[in-house]
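S.K.: structure of the sequence below:
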Amino acid sequence: MDSKGKGLNLALIRYGILLMGLSFVFIGIYRNEVGIVLKKAINICLECIGIG
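M.R.: Purely as a prediction, here's the structure:
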């Protein structure tokens, strides 16, 4: 396989992973999981600095 074909395959893989990641983000937003994730992140941060 020449370098042009290899570059095309690599680009397709990269864009496929990007599309899959964005899909998961939008699915999470649609399912209203943003608040849950934010609450967990706040709890973890408070535990790290010793307040929670």
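S.K.: taking the centroid of the protein, which residue is nearest it?
M.R.: The C-alpha lying nearest the average C-alpha coordinate of the chain belongs to Gly21 (C-alpha atoms, centre = their mean; 5.0 Å).
S.K.: which stretches of this protein have low pLDDT?
M.R.: Scanning the chain with the threshold set as pLDDT under 70 gives 1-3, 52.
S.K.: cutoff 90 now
M.R.: 1-8, 45-52 (pLDDT under 90).
S.K.: for it, which segments count as helices?
M.R.: Secondary structure of the chain (DSSP state H): helices at 3-30, 34-48.
S.K.: relative orientation of the last one and helix 3-30 in degrees?
M.R.: Calculated by axes from the mean of the first three to the mean of the last three C-alpha atoms, to 10 degrees, helix 34-48 forms an angle of 90 degrees with helix 3-30.
S.K.: CA atoms only for helix 34-48 - export them in PDB, please.
M.R.: Coordinates of each C-alpha in helix 34-48 appear next as PDB, following Å, rounded to 0.1, in the frame of the first residue of the first chain:
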ATOM      1  CA  VAL A  34     -24.400  16.500  32.700                       C
ATOM      2  CA  GLY A  35     -25.600  17.300  36.200                       C
ATOM      3  CA  ILE A  36     -24.700  13.900  37.500                       C
ATOM      4  CA  VAL A  37     -21.200  14.100  36.100                       C
ATOM      5  CA  LEU A  38     -20.800  17.700  37.400                       C
ATOM      6  CA  LYS A  39     -21.900  16.600  40.900                       C
ATOM      7  CA  LYS A  40     -19.400  13.800  41.000                       C
ATOM      8  CA  ALA A  41     -16.600  16.000  39.700                       C
ATOM      9  CA  ILE A  42     -17.300  18.500  42.500                       C
ATOM     10  CA  ASN A  43     -17.300  15.800  45.100                       C
ATOM     11  CA  ILE A  44     -14.000  14.400  43.900                       C
ATOM     12  CA  CYS A  45     -12.400  17.900  43.900                       C
ATOM     13  CA  LEU A  46     -13.700  18.700  47.400                       C
ATOM     14  CA  GLU A  47     -12.300  15.300  48.600                       C
ATOM     15  CA  CYS A  48      -8.900  16.000  47.100                       C
END
